[in-house]
Structure formats: structure tokens, C-alpha cells
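>>> Have a look; sequence and predicted model below, questions after that.
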Amino acid sequence: MNSNELQACEDEIKSLEEEIKTLTEEYEHSQHQSMAYTDAEIMETMKLLRKEPEEELKQSESSPDQETQLNLLEADLSFLMKLTGIFFTHYSRKLAGKNGSKTIQSYRLSGNCQPISFQLEFKLMEESQMNRNVSAIVTDLNIIIACDTYCDLSKLVSRVEEDGNLLLFFRSLTCISECCEHRKRTFAHFKNKYPDIVVLPEGLYGDYMILRSTQLPGFELMIVWKIQVDEKGTITPILDLLNKIPLQGAIADRFASDAPCCFRSLLHVVGIQASIETVIRSISKGK
Amino acid sequence: MGEVAISFPDGTLSLLEKLEASAHKVALKRGKIKEHEEKVLKMKMKIQELRRQRDELKTKLNVCQSQLIAGKDAMKSSRQVSEATETSQQAILKGKIENAKGLLELFRLTGLSGKLTEQGISLCINTAFEGTYLDSYYLDILIQQPIQIRHHSVPAFIPLEQIAHEHLQKDIKRFLSVLSDHLNAYARRKFQADQLQEHFAVFFKGCMKGNSLYTQLEFNYRVTEGGNFPFTAKITYGNPMNALPTKVTVVCKEDAPAPVAEMAAAHLALFYEKPLQEVFISITASAENLRQPITLASSFHSACGGRRVPSEAAAL
């Protein structure tokens, strides 16, 4: 009797899940048909249509022009996104106040700049006849970010929120993105060149690589590559050499204490790529 | 449940054991029932949740379809069906165009916006001091070998040619980033000097002297609204890509009393750390504080931060 009840429940759940699946598909399909616009947006456009019946005719006549216009705009957008590395995925704008020539709009803007995704809320005050060279002022800025790799942006974010300095925020994102890309490329380069020695436990997007000696089992060096961001948006790569040596004794101890220091001075002199190369060569010789 | 029987009248212990055992059994049984009930309850809750989801989806679908139908109906009344579908597509196209335009416009907030042209790109570098967006500069670039700048509105004192020579052919992103650093630092220095003259004019003797790049500034000032101007500041921005000075001197007149000389030293430290208008907010406020506990400091602050209400600030 009890098990019957359970069975009945399970059956209902199954059928509901199936129903939801088909409904979702149907809904997605209809969304797709309406060019991926949300319900509210469809309403908006419909309202517009009803308001201006005379203009409709003109619009349908100029249809090819509009399509070309849209294509051009989209080409511009994709070009700018590639150039800056910043991808805007969605935005909404609402009039928050109007006072003479001043307008205040509140914005919500989300997007990403690999490996960081952001969601911003702010007010933008613009004046149509600003006497000076001020074009717009950002206030009430709120930033939510999510980062795929470990990178502490909290200092920068709180400073930017305080100042409303969106320009600094975006420029820093671009720089961080380039730094992460550089790190990824470097890791990939060494993994390809020395596949037996280089191990990337967290993949290309991680912040460290492990170098394993082929001759000395258990001997490992770890190169940690952090990207530090301060509150002014200055980005500094910080590299460190850590080691795991299974041996005891004076030579091993001296190596353990000297290696990080030597690595740092090497970095200063020859740069990141050549320093890592040197370390790998030195352990692949079995020293 | 009723299986407890007293068979050993003197075996109190064993009786207790039996009692315990049966209690355990009962508990187990109850536990099982409870577990079962919980399972059923959970499932029922899940069913409810799923039903809710299904109903929501149904409503959404209905709304979506009825909107399309409603739209079509509205147009049917005035026009033929074929035209109506065309116009609804037209509206969607219009919406898409608006959306793309909005996103393109938002790119100026990143400091770099622009569009493709027939032979290349037309770019706009935007500048800002904190949350205040300032002037924009244009570059019209021909994409060919070698890359050429056809027109631009970059001021003559910005070393555009040198920057282009170093980076333009090799890495256009780097070129734009360096140029933007130069333009931003210049715009920020200029903005600071302008703010100072606008909101603190009463503290200055005559005009501020400076070069066109705003990397050298010199002015005589006082910290009270009356009296003479005891201080002279010379500010040098040694790095043209920075908006904070590298060298500052503050001197006061030879006959100045010791406290004034002390003030000059305090000012000096501030000039190195803060933007000019913030330095003046703090030094004029502290001078005012000496005489009058309630000051204009807060109103100065909101006015001269520039980022909040600059047009009201003009009223000061």
C-alpha cells in the first residue's frame, strides 16, 4: 500500500518532468522565433507599432536599409569588443530624473572580459549644454564580479565604487585579461616544449605549474604566478619558486633556501620566459 | 507491539532487557514509518514545485503567443496579414538596432569607442577624472600597409608621432593604450587646475601660470579668504603619463612667521598625495577650522569632488 503511494508519486514526478521539458522546448522555440526578445521587449515593440501606424509603411519600405544598418552596427560592436576585450552581454537603461538640461539615467550593464565577468549598476548624469568639457558623471556605482581564476580585485573594486571611476575599471579589466592570456600562453608553451617535466594540475587557467625532475623521482619545483592588482589598477605579475625535495642534507637545504632568491634575481635580469626556461633546463639535466 | 510478557518474575534485569529490546523495535518501526512519510512528503513537495514550474511555463507560453496574436490582430484590423508580419519583423529589427546603438554608446565608458569605416577605423579615446568623463579625442586610421593616421584631434603637445612610431605598426592595442594614458593624464591635470581656479579663485593671487601640457604649474595662494598671499607653489609633473606630481615646492615669504612656514611644509606633503582640488578642500577647511568650528568644508567637498554636482558647484 505504502509502496503504491510512492510509485504513484514517482510516476507523477516523471510525467511532470517530461511535460516541463516539452514546455521548455516549446517556449525556447517561440522565444527564438521572436528573435530572442523577452516578453517585455515584445510588448514594447508592439506598443510602438500601435502608436505610429503611418510610419509603419515607410519602415517596411526601408527594410533593406534597416537590415544593412543593423549589420553595420553589429560589425562595429564585434570589432570594438575584439579591440577592447570587453564583451557587453546585456544592458538596460531607465530614466531616473530630469532637471532642465540635466538627465540622469540609471543603468544595468553586464558583460565579461576573460576571465572576469561583471555586473554593474550605476547612474549616469549627462547635461546637454555643459559649459565645460565635462561630458558625463558616474554616481552610485555598484560592481559585482566573478573571476574564473584566482585574482584579488577587491581593492580595485572598492576604490572604483567610491570614485565612480568606470574608465579605470574597464582599462584594468583589459590589462588583467591580457596578463592572464600571457600567463596562459606561457604555460602552454612550456607544456608543449617539455611535456614530461611540466605538469599543470589546474590546467592552463591555473596560477601555477609544477616541474618534475625525470631523473630524481619526488623532486618537484613549483612556479607560482600570481597577478596582483592594487587599488589604482596597477597590475603586477608576481612569480615565486617553491620546491619539494625528498633529500636531506646540506646541499639540498642550501638549494631550498637559495633557489627562490636566485629565481627572483633571474626574473629581474632576463624576464619571465627565459627564467622559467633556465629552471627547466637545470632540472632536466638532472642536477 | 504487545509482545512483552513477564515470564521471569524475579529476573528484573532480563525483563528490562526485553522491554528495552521491544522499545527499540518499536522505535525502529516508527523510524521506518517516519522515514517513509518524509520521503512521501518530499516527493509531494517536489511534485508541487514541478507543477508550479509547469504552470509558470504554460503562462509564459500563453503570454508569448497571445502577444504575437494580439500584435497580429491589431495590425489585421488596418492592413493585410502579410504586411502585418512584415511590420512586426520591422519592429524587432528596430529594437535590435536600438539595442546595438545603446551598447555602442556604452563603449565610451570603457575609454575607447569607435566604428569601422570604408578604409579603416574611426576611433574615439575618452578621458575621465574619477567618475567625471571629460574630453574625447578622435583618430581616423587607415588599415593598410603601413597603417596610417589620416585625421586626428589629438592636441599638438601630445607626442602622437613618437607614440605612433614606437607602437602603431607593431601593436595597435598597445599604441591606443599608451596614447590613452597620455591623453588621460593630460585631461586629469587640466581638470584639476580648472577646478581649482573655478572653485577656489578667492585663494589665488592672479592667474595660475602653467604650460600647455599642464606639467608645470605655479601659483601664489592663501588659505583664508582675506589678507595677503603668503605661499607660492611650484608643481612639476615629471611623468607626462601621470596626474600626480613628481616635484613640488611650497615657499612662503621671508618675513613669514614660524606657523606659516609649518603650514607650508604640511601643504607640500598633501600636494604629492592628492589631486589639487582635494588639497585645497583640506587646507582651506583646516584654516577655516582654526577660526570657526562649522565650516564650508562639506559643501566644498561635494562641489569640488566634481563627480557629484559640478554645475551646482559653479554657484559657489
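All right, it came through fine.
>>> quick one: average confidence on stretch B:186-195?
Mean pLDDT, stretch B:186-195: 93.
>>> can you pull the buried residues of stretch A:211-230?
Burial within stretch A:211-230, assessed by neighbour count using 16 or more other C-beta atoms under 10 Å in any protein chain shown, is assigned to A:Leu211, A:Arg212, A:Ser213, A:Phe219, A:Glu220, A:Leu221, A:Ile223, A:Trp225, A:Lys226, A:Ile227, A:Val229. Any C-beta I mention is one placed from the backbone N, CA and C, and that applies to glycine too.
>>> now, among those residues, which is nearest to A:Lys94?
A:Val229 (31.3 Å; C-beta to C-beta).
>>> Tell me where the stretch 51-200 of chain A is predicted with low confidence.
Counting by pLDDT under 70, the stretch 51-200 of chain A contains low-confidence ranges at A:51-63, A:129-133, A:149-150.
>>> just to revisit the earlier point, what about the buried residues of stretch A:211-230, which are in helices?
Secondary structure from DSSP state H places none of the buried residues of stretch A:211-230 in helices.
>>> Restricting to those, which residues neighbour chain B?
Among those, not one lies near chain B by C-beta under 8 Å from any C-beta of the partner chain.
>>> Take those and lay them out in CSV including pLDDT and distance to B:Ile172.
Shown next, in CSV, are the buried residues of stretch A:211-230 (pLDDT from 0 to 100; distance: C-beta to C-beta, whole Å):
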residue, pLDDT, distance to B:Ile172
A:Leu211, 91, 36
A:Arg212, 88, 40
A:Ser213, 82, 43
A:Phe219, 82, 45
A:Glu220, 86, 41
A:Leu221, 89, 38
A:Ile223, 92, 32
A:Trp225, 92, 27
A:Lys226, 91, 29
A:Ile227, 90, 24
A:Val229, 90, 25
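>>> I'd like to know which of those residues is nearest to chain B.
A:Val229 (16.4 Å; C-beta to the nearest C-beta).
>>> quick one: contacts for that closest one?
Contacts here follow C-beta atoms under 8 Å, 6 or more residues apart in numbering or on different chains; on that basis A:Val229 touches A:Cys151, A:Asp152, A:Leu153, A:Lys155, A:Leu156, A:Ser172, A:Ile176, A:Ile235.
>>> Which among those residues count as buried?
A:Cys151, A:Leu153, A:Leu156, A:Ser172, A:Ile176, A:Ile235.
>>> Isn't A:Val160 up against A:Leu167?
No - the pair A:Val160 and A:Leu167 fails to qualify as a contact (C-beta atoms under 8 Å) at a distance of 9.4 Å.
>>> check contacts around the closest residue to B:Leu112 other than its chain neighbours.
Leaving aside its chain neighbours, B:Leu112 sits nearest to A:Thr84 (5.6 Å; criterion: C-beta to C-beta, 6 or more residues apart in numbering or on different chains). By C-beta under 8 Å, 6+ apart, the residues touching A:Thr84 are A:Cys113, A:Phe170, A:Thr174, B:Phe107, B:Thr110, B:Leu112.
>>> Repeat the analysis, applying 10 Å as the threshold.
A:113, A:170-171, A:173-174, A:177, B:107, B:110-114, B:173, B:176 (C-beta atoms under 10 Å, 6 or more residues apart in numbering or on different chains).
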